[in-house]
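# My questions concern the predicted model and sequence given below.
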Amino acid sequence: MYLLAIPSTSYLTSSSSESVDDSKDKNALSNDNLSSNSASTDDTASNDQDDISKYSYDYIALLDKNMNIVLEASDTYIENSELGVIDSNVPLILGQHAKNSKEKNKTYTYGVYDLTHNDWIIKRIYSYISELGDDYYIAYDNEGVPLLLHKDGSKVIKKDFDSNTNFKLLGNHIVALNDITSSASIYSSSGELIKTLNAKYITLYKNCIITSDTNKDGIVYDENGNSIFSKDSLFKKNTNLGISTNETMTIYQYNEESSLVEVQISHFYIICKLDGTIIKLLNQNEEPNSNLGLVSNGYFTYSSDLTQLSFYNQNGTKYVSSDNNDFTDFIYPNYYYSKENTIELYNYTTNTTYTLDVSKLSSPYLSGIHNNFFFILSHDDPNSVLIYYKDKLVYQGSQSYIELINDNIVVTNVTKDSSKKIIKDKDSTFTPYSALMNSKHIIYDKNGAKIYSSKKSEKILSINESYLQIMRDNAIGICDYDGNFLCKINLSSK
């Protein structure tokens with residue numbers, strides 16, 4: 001199915017300029033009932049009702065593969081939903097505002113709707129609903145108190161949470177975080193309390209928790225709340241450290257990819273494994289101002305004179321460039337360094353090296369990386385850009401704005417008139433939304449191929465394998481890759 005929506009900053013007129021009244025349309029989602037033709041996961045959940053404008057629409061329509069409207073709704077909020085293609089097998093979190101409400105600030109009630117069976121899985125009775133991973137919803141009652149629900153809507157798993165609770169997944173378990181009580185309570189999928197950890201600072205990773213507190217040792221716990229690294233681990237493995245066991249151990253970082261921990265005890269900074277094996281020890285009494293830290297698959301060191309940055313893998317082997325120079329920086333998953341007219345990158349996950357020619361830019365630098373795309377900007381001209389796919393130059397331009405939509409790279413060529421709206425200061429450039437609306441675009445897919453080029457000014461809203469969703473000529477609609485509208489709705493300003 002395809003989701004077509006009009007933001008709440010405009011209102012709807014149909015192609016024939018007739019207004020749509022959802023109370024007269026059998027396929028409309030009214031504020032009381034939902035009817036229709038009979039014919040993306042986050043691991044964090046919180047009560048973000050104040051951010052409602054992001055996904056609030058005056059009108060939405062769901063269309064089948066033949067572009068026939070099968071469902072319409074007005075004054076609707078869609079949780080975590082991108083425009084464009086949606087999976088009809090995945091229920092939608094829908095919030096709606098009562099038409100007869102006279103409140104200045106709109107209040108929505110939320111439920112979960114099954115597009116396959118055309119029925120509510122969870123009735124629209126909650127003040128807010130958000131997803132928690134693949135299996136759970138967090139629903140908030142009128143008092144802001146959260147309930148943990150199974151996604152099939154069959155049961156409330158647990159409901160006696162405090163209103164200050166936020167939720168995250170931890171391995172196969174659920175963690176309820178409460179800033180007021182400084183606690184992390186670990187629950188099983190059935191809602192059974194496994195363990196509660198109390199600490200001033202609590203950091204959650206995908207499969208572990210780190211706790212720390214003033215004048216107390218940091219500890220790493222697994223998803224069941226069992227300690228897997230502590231000061232005891234370090235001292236049992238290393239009996240001759242020359243550090244008093246009375247010193248407090250602070251844990252700064254843990255990396256689940258490398259299973260390395262960064263800790264400080266007294267004037268010692270240490271990179272070690274969970275079993276206490278030391279990979280790198282830095283004595284700042286001997287090397288003042290020197291530093292170290294973790295990166296994805298290893299660690300880095302910084303010399304005391306701040307001139308030498310070096311990267312190492314989890315076993316302590318140093319990364320160097322093809323000409324035996326130290327890499328100067330890291331953007332996951334690439335180590336890189338710049339020399340005259342070139343930037344060399346090494347991708348440690350694929351063991352691949354790329355050398356990019358950047359001689360066409362003045363004072364170039366690597367601005368960002370996405371998959372195998374590399375974005376090179378200029379310190380002297382913030383609007384000039386080179387885009388490489390691997391080691392192939394796919395785009396060079398100026399007055400360009402880059403967006404990422406569903407792993408596709410969208411390059412906006414800001415028009416001469418729109419470029420006047422670009423705001424510049426000493427260190428940055430800002431391109432307002434209005435400038436992007438009045439410009440042409442080029443789209444590259446995840447393999448670096450150019451798949452679309454605008455023939456006239458428009459705004460790209462969503463991209464999928466077969467269609468685009470765009471705003472053009474005061475209309476919003478779905479078009480093919482030749483730029484032809486397959487269906488559209490005309491817009492007019494309030």
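Received, thanks. Because the structure is predicted, anything quoted here is derived from the model rather than measured. Numbers count the residues shown, from 1 in each chain.
# is it true that Tyr354 touches Lys392?
No: assessed by CB atoms under 8 Å, Tyr354 is found out of contact with Lys392, at 9.5 Å. C-beta here means a position set from N, CA and C on the backbone, and glycine is covered the same way.
# Between these two, tell me which one has more neighbours.
Shown here are Tyr354 and Lys392; by other CB atoms under 10 Å, Tyr354 has more neighbours (18 against 11).
# Run through who's touching whichever helix or strand the more buried one is part of.
Element membership for Tyr354, per DSSP states H and E: strand 352-357. Strand 352-357 is contacted by residues 322, 341-347, 374, 376, 386, 388, 390-391, 393 when judged by CB atoms under 8 Å, 6 or more residues apart in numbering.
# Next step: those residues restricted to strands.
342-347, 374, 376, 386, 388, 393 (DSSP state E).
# Could you export these as CSV, including distance to Ser453, neighbour count and pLDDT?
Output for the ones in strands among the contacts of strand 352-357, formatted as CSV (distance: CB to CB, whole Å; neighbours: other CB atoms under 10 Å; pLDDT from 0 to 100):
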residue, distance to Ser453, neighbour count, pLDDT
Thr342, 29, 13, 96
Ile343, 27, 21, 97
Glu344, 31, 20, 97
Leu345, 28, 23, 97
Tyr346, 33, 21, 96
Asn347, 29, 17, 96
Phe374, 21, 25, 97
Ile376, 21, 23, 95
Leu386, 18, 24, 95
Tyr388, 19, 24, 97
Leu393, 17, 15, 97
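# Tabulate those residues (a markdown table), appending distance to Tyr254.
Supplementary listing: the ones in strands among the contacts of strand 352-357 in a markdown table, determined by distance: CB to CB, whole Å:
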| residue | distance to Tyr254 |
| --- | --- |
| Thr342 | 35 |
| Ile343 | 31 |
| Glu344 | 30 |
| Leu345 | 26 |
| Tyr346 | 24 |
| Asn347 | 24 |
| Phe374 | 29 |
| Ile376 | 33 |
| Leu386 | 36 |
| Tyr388 | 33 |
| Leu393 | 39 |
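# for those, which one is nearest Lys159?
Asn347 (47.1 Å; CB to CB).
# Quick check: bridge partners of the residue nearest to that closest one when sequence neighbours are not counted?
Of all residues not flanking Asn347 in the chain, Asn334 sits nearest, at 5.1 Å (CB to CB, 6 or more residues apart in numbering). Beta-bridge pairing for Asn334 (DSSP bridges): Ile331, Asn347.
# can you check Asp213 too?
Applying DSSP bridges, one finds that Asp213 bridges with Lys216.
# Test my guess that it contacts Leu197.
No: Asp213 is beyond contact range of Leu197, at 10.9 Å (criterion: CB under 8 Å).
# In the longest helix along the chain, which residues have enough neighbours to count as buried?
The residue-count maximum for a helix in the chain (DSSP state H) belongs to helix 231-237. Residues of helix 231-237 classed as buried by neighbour count (16 or more other CB atoms under 10 Å): 231, 233-234.
# Tabulate these (CSV), appending distance to Asn240.
Formatted as CSV, these follow (distance: CB to CB, whole Å):
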residue, distance to Asn240
Lys231, 16
Ser233, 16
Leu234, 12
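# Could you take those residues and lay them out as TSV, with extra columns for pLDDT and distance to Lys455?
Output for these, formatted as TSV (pLDDT from 0 to 100; distance: CB to CB, whole Å):
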residue	pLDDT	distance to Lys455
Lys231	96	65
Ser233	94	63
Leu234	95	64
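# Quick one: list the elements packing against the helix or strand hosting Lys195.
Counting by DSSP H and E, the element that carries Lys195 is strand 193-198. Applying 3 or more CB pairs under 8 Å, 6 or more residues apart in numbering; DSSP states H and E, one finds that strand 193-198 contacts strand 183-187, strand 208-213.
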